[in-house]
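Colleague: sequence unknown, structure follows:
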């Protein structure tokens, strides 16, 4: 599929998880998740402008990108679907969930990782980020996507920095639009040492759903999920998506204390 890469085929899986990369990230970031989430069929979103789509123009607007992804996800809705997005990917996943809900195919769960609630920064950052390649490279190193020494390679900079710059412009220019709340629960996760997003910052996601919000912390910083992917949390929280149960989902050991909203 052009938009979605299935990491491990699981025709017997009870539900599907669609993963949205962070700014500067790609579908390859989630390569191992399909093997590790054994009861789940995992798909990773392929953003244009990188990887096998490097000859395509980079996306420039979150709502348009989400609409295109949602159309690709719609045929997969013959099974329950959950969405997981990190940083920029959390906002793209949120807008994808809204599109699918408007189309009459609401998702079963939204995981928003390392991201402020979108309505809390409407337009505030637009146009204020420096987009020179050195500044963008520094931002990429900060989020953890690349080793700074790698970005000294001119060939790598020519390949990577155009789509990273485009992602940062898209992140900076995203404007939340008022609309109905989601018809699914929302779970947020943030690294305990993330310098930009705190558990308090994620509490406002509760206002974007009719079905409750739970927030968790994880060891690590901006890109905590490199070393500590929240796979047990995803499995525990999303089990009711595939098979509704009367009891609430258990809190996985090591996931951090939940903070409800």
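Modeller: Great, that's in hand. As the structure is a prediction and not an experimental result, all values here were calculated from the model.
Colleague: Tell me where this protein has strands.
Modeller: Counting by DSSP state E, the segments of the chain that form strands are 4-6, 15-20, 40-45, 81-86, 109-113, 186-191, 213-218, 259-260.
Colleague: For those strands, could you give me TSV that also reports mean pLDDT?
Modeller: Formatted as TSV, the entries for those read as follows, by pLDDT from 0 to 100:
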stretch	mean pLDDT
strand 4-6	96
strand 15-20	96
strand 40-45	96
strand 81-86	97
strand 109-113	97
strand 186-191	96
strand 213-218	95
strand 259-260	50
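Colleague: Show me where the stretch 1-150 of the chain has its helices.
Modeller: Remark: helices of the stretch 1-150 of the chain, listed N- to C-terminal, are 33-36, 62-73, 88-102, 133-143; assignment by DSSP state H, counting those that start in this stretch.
Colleague: Give me whichever of those is most buried.
Modeller: When you average the neighbours per residue for each of the helices of the stretch 1-150 of the chain (mean count of other C-beta atoms under 10 Å), helix 88-102 leads with a mean of 25. All C-beta spots, glycine's among them, are computed from the backbone N, C-alpha and C.
Colleague: and the angle from it to strand 186-191?
Modeller: Computed by axes from the mean of the first three to the mean of the last three C-alpha atoms, to 10 degrees, the angle separating helix 88-102 from strand 186-191 equals 180 degrees.
Colleague: helices or strands next to helix 88-102 in the packing?
Modeller: In this structure, helix 88-102 packs against strand 15-20, helix 62-73, strand 81-86, strand 109-113, helix 154-173, with contacts taken as 3 or more C-beta pairs under 8 Å, 6 or more residues apart in numbering; DSSP states H and E.
Colleague: Now do the fourth one: distance to the chain's middle.
Modeller: For strand 109-113, the gap between its own C-alpha mean and the chain's C-alpha mean amounts to 7 Å (C-alpha atoms, centre = their mean, to the nearest Å).
Colleague: Now for this protein, the helix or strand with the poorest mean pLDDT.
Modeller: Confidence across the helices and strands of the chain bottoms out at strand 259-260, with a mean of 50, counting by mean pLDDT, DSSP states H and E.
Colleague: mind showing which ranges of the stretch 51-200 of the chain have poor pLDDT?
Modeller: Scanning the stretch 51-200 of the chain for pLDDT under 70 picks out 122-157.
Colleague: repeat that with 90
Modeller: Across the stretch 51-200 of the chain, residues meeting the criterion (pLDDT under 90) sit at 51, 121-169, 171-172, 195-196.
Colleague: how far out from the middle of the chain is stretch 96-116?
Modeller: With C-alpha atoms, centre = their mean, you get 10 Å for stretch 96-116.
Colleague: how far does it stretch from start to finish?
Modeller: Terminal residues of stretch 96-116 lie 17 Å apart, using C-alpha to C-alpha, to the nearest Å.
Colleague: what's the answer for stretch 225-234, then?
Modeller: Here the two ends of stretch 225-234 are set 12 Å apart, with distance taken as C-alpha to C-alpha.
Colleague: now do stretch 77-89
Modeller: When the end residues of stretch 77-89 are compared by C-alpha to C-alpha, they are separated by 20 Å.
Colleague: Buried residues, it. List them.
Modeller: 77, 80, 81, 82, 83, 84, 85, 86, 87, 88, 89 (16 or more other C-beta atoms under 10 Å).
Colleague: Could you do stretch 168-183 as well?
Modeller: Judged by neighbour count using 16+ other C-beta under 10 Å, the buried positions of stretch 168-183 are 168, 169, 170, 171, 172, 174, 176, 182.
Colleague: Ok, stretch 14-21 next?
Modeller: Using 16+ other C-beta under 10 Å as the burial criterion, the residues of stretch 14-21 that qualify are 15, 16, 17, 18, 19, 20, 21.
Colleague: CSV for these, including distance to residue 55?
Modeller: Formatted as CSV, the buried residues of stretch 14-21 follow (distance: C-beta to C-beta, whole Å):
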residue, distance to residue 55
15, 33
16, 28
17, 28
18, 24
19, 23
20, 22
21, 19
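Colleague: Please identify which of the strands of the chain is closest to residue 164.
Modeller: Between residue 164 and those, the shortest gap by C-beta to C-beta is with strand 81-86, which sits at 14.9 Å.
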